Every structure is written in structure tokens, then in C-alpha cells.
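Asks: Sequence isn't available, so here's the structure alone:
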């Protein structure tokens with residue numbers, strides 16, 4: 001899989017390349033390319049944004065700048081899904097993550113401050129995605145969230161059993177994962193449920209499924 005990220009701060013993604021799950025699949029299952037809008041802008045002095053028409057605070061990422069960047073990297077039509085990270089987009093959930101992880105090529109567009117000129121979303125992107133109903137200072141964190149979520153679905157990112165029974169997995173009926181415990185078995189009077197210490201795998205599995213259902217109902 002190849003994922004391209006267009007951003008004003010490509011160095012912000014550096015830490016991800018050193019950590020699982022991304023580090024485990026880079027150079028194998030995943031090719032990650034980072035592009036800085038400033039390297040492709042047709043404007044002077046590396047300008048990429050401008051004041052909004054109609055007035056108001058903040059700066060808006062220009063449509064001609066984004067278009068120039070896409071044209072420089074892809075030439076004509078790329079045939080790729082181009083996703084603008086935007087609060088107005090389709091809410092990110094696990095089914096969407098799995099859908100995107102099945103793509104061979106994906107492009108992510110991130111902006112800063114007041115976001116994109118709307119023509120970027122309407123004309124240059126194929127769709128937009130939101131990671132939640134709140135405001136951030138830029139699209140880099142949403143892009144990282146999407147990258148992490150996709151990378152962990154790729155072969156070799158995690159052990160197979162790590163993703164088989166997890167939150168939103170089909171095995172748990174798309175519900176919330178059951179609680180986990182580890183040593184010590186008792187701490188300050190707080191005991192691990194006896195069923196988990198029983199060694200009875202059928203009882204453990206039944207207990208976990210029931211706890212998952214209870215959590216999913218809340």
C-alpha cells in the first residue's frame with residue numbers, strides 16, 4: 001500500500017516511522033510519502049495560504065497551491081482516493097478504516113488553522129473524513145490517526161491474535177473490547193476476577209464476551 005500525505009509540517013510525522021504499527025510495515029507492506037505544499041506553490045516566497053474572502057480571522061490554504069502540489073506529484077488524474085481531513089467529513093470509524101486499508105493507494109490532504117479553500121474539498125478531493133466533532137489547529141493529527149488506524153490493519157503490523165478480538169472487531173460483534181488484567185492477581189484488595197485465574201478457557205471466553213456486550217450497551 002502507498003499512502004501520500006500533503007502537509008505544511010512533514011517533520012511532524014517523523015516519530016510515527018519509529019513506532020509500531022507504522023514502523024513494522026514501512027518498506028514492506030506500506031510506502032509512506034510526505035509532501036510539503038511549500039515545495040510546489042506557484043506563489044512567491046513559499047506562500048500557501050491567504051485571508052478569507054468576506055473577512056474573518058485566520059488563514060485559508062489556497063486551492064491553486066493544493067492543485068499545483070497534486071499536479072506536480074501525479075501529473076493528470078491519479079485514480080487515487082484523495083481524502084481531505086476536515087470536520088465536515090465522513091466520521092472515521094472502524095468499517096471505514098478497514099475499507100481504506102484495502103486500497104492500494106491513498107492520498108491524505110491536511111491543512112492548518114482555518115482549513116482549506118472549499119474548492120479543495122469540492123473539486124480536488126474525492127471525499128473528506130473527520131476524526132471527531134471538535135476543532136484542532138491542523139489536519140496533521142487527524143492524518144496521523146488515520147495512518148495509525150490503517151497501518152495496524154496491514155499484514156505484519158501486529159500479531160494476528162492482537163487484532164482478532166479487539167474493540168469494533170467482527171469477532172466481538174463490532175462492540176467494545178472486554179477488560180484486561182495482569183499481575184499482581186491482588187493489589188490493595190483489588191482482585192482480578194476469579195474466572196480469569198481458573199484456567200478454564202471456555203469460561204474465560206464466555207466471561208469476556210459477556211463483559212464486551214455489557215460495555216457495548218453503555
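Replies: That came through fine. What you see is a predicted model, and the numbers here were worked out from it, not measured in a lab.
Asks: going forward, measure contacts between C-alpha atoms and count neighbours the same way
Replies: OK.
Asks: where's the residue nearest the centre of the chain relative to residue 57, distance?
Replies: Centroid-nearest residue in the chain, with C-alpha atoms, centre = their mean: residue 146, separated by 0.8 Å. Between residue 146 and residue 57 the computed distance is 28 Å (C-alpha to C-alpha, to the nearest Å).
Asks: again with residue 90
Replies: For residue 90 relative to residue 57 (C-alpha to C-alpha), the value is 26 Å.
Asks: try residue 155
Replies: For residue 155 relative to residue 57 (C-alpha to C-alpha), the value is 45 Å.
Asks: So what touches the lengthiest strand in the chain?
Replies: Determined from DSSP state E, the single longest strand within the chain is strand 81-91. With contacts defined as C-alpha atoms under 8 Å, 6 or more residues apart in numbering, strand 81-91 is touched by 105-111, 115, 120-121, 124-135, 139, 142-143.
Asks: Which residue is the nearest non-sequential neighbour of residue 62?
Replies: Nearest residue to residue 62, sequence neighbours excluded (C-alpha to C-alpha, 6 or more residues apart in numbering): residue 49, at 5.1 Å.
Asks: Report the beta-bridge partner residues of that neighbour.
Replies: Here residue 49 sits in beta bridges with residue 61, as judged by DSSP bridges.
Asks: That one: neighbouring residues, count only.
Replies: Neighbourhood size, residue 49 [other C-alpha atoms under 10 Å]: 24.
Asks: ok now do it, which residues does it touch?
Replies: Residue 49 neighbours (C-alpha under 8 Å, 6+ apart): 59, 60, 61, 62.
Asks: Please pick the buried ones from the contacts of strand 81-91.
Replies: Buried members of these, scored by 16 or more other C-alpha atoms under 10 Å, are 105-111, 115, 120-121, 124-125, 127-132, 139, 142-143.
Asks: between residue 90 and residue 57, which one's more packed in?
Replies: Legend: neighbour count by other C-alpha under 10 Å for residue 90 and residue 57, higher for residue 90 (15 against 9).
Asks: Quick check: that one vs residue 136, distance?
Replies: Per C-alpha to C-alpha, residue 90 is found 16 Å from residue 136.
Asks: One more: residue 181?
Replies: Counting by C-alpha to C-alpha, the gap from residue 181 to residue 136 is 34 Å.
Asks: Tell me which stretches of this structure form helices.
Replies: For the chain, applying DSSP state H gives helices covering 22-25, 63-74, 94-101, 118-119, 140-151, 160-164, 201-217.
Asks: Contacts for stretch 207-218 next, please.
Replies: The contact list for stretch 207-218 (C-alpha under 8 Å, 6+ apart) reads 172, 175, 176, 177, 178, 179, 195.
Asks: Swap in 7 Å and give it another go.
Replies: Here stretch 207-218 makes contact (C-alpha atoms under 7 Å, 6 or more residues apart in numbering) with 175, 176, 177, 178.
Asks: Report pLDDT for the last one.
Replies: Right, residue 178. The score at residue 178 is 89. That number is its pLDDT.
Asks: Quick check: closest non-adjacent residue to it.
Replies: residue 212 (4.5 Å).
Asks: so how far is residue 205 from the one you found?
Replies: Distance of residue 212 to residue 205, computed by C-alpha to C-alpha: 11 Å.
Asks: Residue 148 too?
Replies: According to C-alpha to C-alpha, residue 148 and residue 205 sit 28 Å apart.
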